[in-house]
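**Student:** below are the sequence and a predicted model for it; my questions follow.
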Amino acid sequence: QVQLVESGGGLVQAGGSLRLSCAASGRTFSTYGMGWFRQAPGKEREFVSAISRYGRYTNYADSVKGRFTISRDNAKNTVYLQMNTLKPEDTAIYYCAASSSVAPMSGYEYSYWGQGTQVTVSS
């Protein structure tokens, strides 16, 4: 089993940057594909980005391509989401998740989820 804890959220002005971190417990972190999802108030959860076990493959939602970068450090059991040029529409709770698949975009392929971290972008 994997426990995930997100951090790094906060309040930032439009155009600013944040880096989210997701720390995982256990010794099997490198066996999981990792993903980031977000959910805004009144909206469904949506895929943001995913990365394969050793970082060879990444996926991004069209809405964040060119602005967000996912990475991971298996020695630290941590996955990151660097978010640049933030927009008010990026405001949401951001969740990280672990999957036995490579870098899936569907939330149904993720078995473990963190509690989330709030990101608020002011205009």
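**Tutor:** Good, I have the coordinates.
**Student:** spatially central residue in the chain, please.
**Tutor:** residue 36 (2.5 Å; C-alpha atoms, centre = their mean).
**Student:** and the gap between it and residue 75?
**Tutor:** From residue 36 across to residue 75, the span is 20 Å (C-beta to C-beta, to the nearest Å). C-beta coordinates here come from the backbone N, C-alpha and C atoms, glycine included.
**Student:** any idea how many residues pack against the closest residue to residue 38 other than its chain neighbours?
**Tutor:** Leaving aside its sequence neighbours, residue 38 sits nearest to residue 92 (C-beta to C-beta, 6 or more residues apart in numbering; 3.8 Å). Using other C-beta atoms under 10 Å, residue 92 is surrounded by 22 other residues.
**Student:** quick check, residue 89 in a helix?
**Tutor:** Yes - under DSSP: H, G, I helix; E, B strand; the rest coil, residue 89 falls within a helix.
**Student:** which residues does residue 98 contact?
**Tutor:** 2, 4, 24, 32-35, 110-112 (C-beta atoms under 8 Å, 6 or more residues apart in numbering).
**Student:** so how far is residue 113 from it?
**Tutor:** On the measure of C-beta to C-beta, residue 98 and residue 113 end up 8 Å apart.
**Student:** again, but for residue 25
**Tutor:** For residue 25 relative to residue 113 (C-beta to C-beta), the value is 13 Å.
**Student:** next up, the contacts around the nearest residue to residue 28 once chain neighbours are set aside.
**Tutor:** Nearest residue to residue 28, sequence neighbours excluded (C-beta to C-beta, 6+ apart): residue 2, at 7.2 Å. Applying C-beta under 8 Å, 6+ apart, we find residue 2 in contact with 24-26, 28-29, 32, 98, 111-112.
**Student:** can you check residue 54 too?
**Tutor:** With C-beta under 8 Å, 6+ apart, residue 54 has these contacts: 30, 74.
**Student:** rerun that using 7 Å as the cut-off
**Tutor:** residue 30 (C-beta atoms under 7 Å, 6 or more residues apart in numbering).
**Student:** same check on residue 87?
**Tutor:** Counting by C-beta under 7 Å, 6+ apart, the residues that residue 87 touches are 14, 121.
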